[in-house]
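*Asks:* can't give you the sequence, but here's the structure:
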Ligand SMILES: [Zn+2]
């Protein structure tokens, strides 16, 4: 099973589509990843902008810097 594409609801074209992950390079240095809608070609600036259709499994590779811990409200 490929990790390179996932189902999304594209915020640009509004269609059910696939996200394509591509590494971005500046010269020879990998600077991050680009996320591209396979339907319309919209390029997301950040993974947090993407509306994934399927529930994501925890990232076992620990590469997601966008996870924020929700504040704990304890009554
Ligand atoms: Zn799209």
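*Replies:* That came through, no problem. Since we're looking at a predicted model, the values are computed, not measured.

*Asks:* where does the chain come near the ion, residue by residue?
*Replies:* Those residues of the chain that sit near the ion, judged by Cβ under 5 Å from the ion, are 10, 12, 13, 37, 39, 40, 42. Every C-beta, even on glycine, is put in place using the N, C-alpha and C of the backbone.

*Asks:* what about the residue lying closest to the fifth one once chain neighbours are set aside, how many neighbours?
*Replies:* Spelled out, it's residue 39. Counting by Cβ to Cβ, 6 or more residues apart in numbering, residue 39 lies nearest to residue 17, which is 3.8 Å off, once chain neighbours are set aside. Here the number of neighbours of residue 17 (other Cβ atoms under 10 Å) works out to 21.

*Asks:* Residue 17 is in contact with residue 38, isn't it?
*Replies:* Yes - checked against Cβ atoms under 8 Å, the pair residue 17 and residue 38 is within contact range at 5.4 Å.

*Asks:* ok, back up a step: what subset of the residues of the chain next to the ion is buried?
*Replies:* When these are checked for burial by 16 or more other Cβ atoms under 10 Å, the buried set is 10, 37, 39, 42.

*Asks:* Could you dump those into TSV with secondary structure, pLDDT and distance to residue 27 added?
*Replies:* Converted to TSV, those look like this (DSSP: H, G, I helix; E, B strand; the rest coil; pLDDT from 0 to 100; distance: Cβ to Cβ, whole Å):
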residue	secondary structure	pLDDT	distance to residue 27
10	coil	95	30
37	strand	95	26
39	coil	96	30
42	coil	96	25
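
*Asks:* who does residue 52 bridge with?
*Replies:* On the basis of DSSP bridges, residue 52 takes part in beta bridges with residue 8.

*Asks:* This protein: strands as residue ranges?
*Replies:* Using DSSP state E, the strands assigned to the chain run over residues 5-9, 16-26, 29-37, 43-44, 51-52.

*Asks:* mean pLDDT lowest for which of those?
*Replies:* Looking over those, mean pLDDT reaches its minimum on strand 5-9, with a mean of 86.
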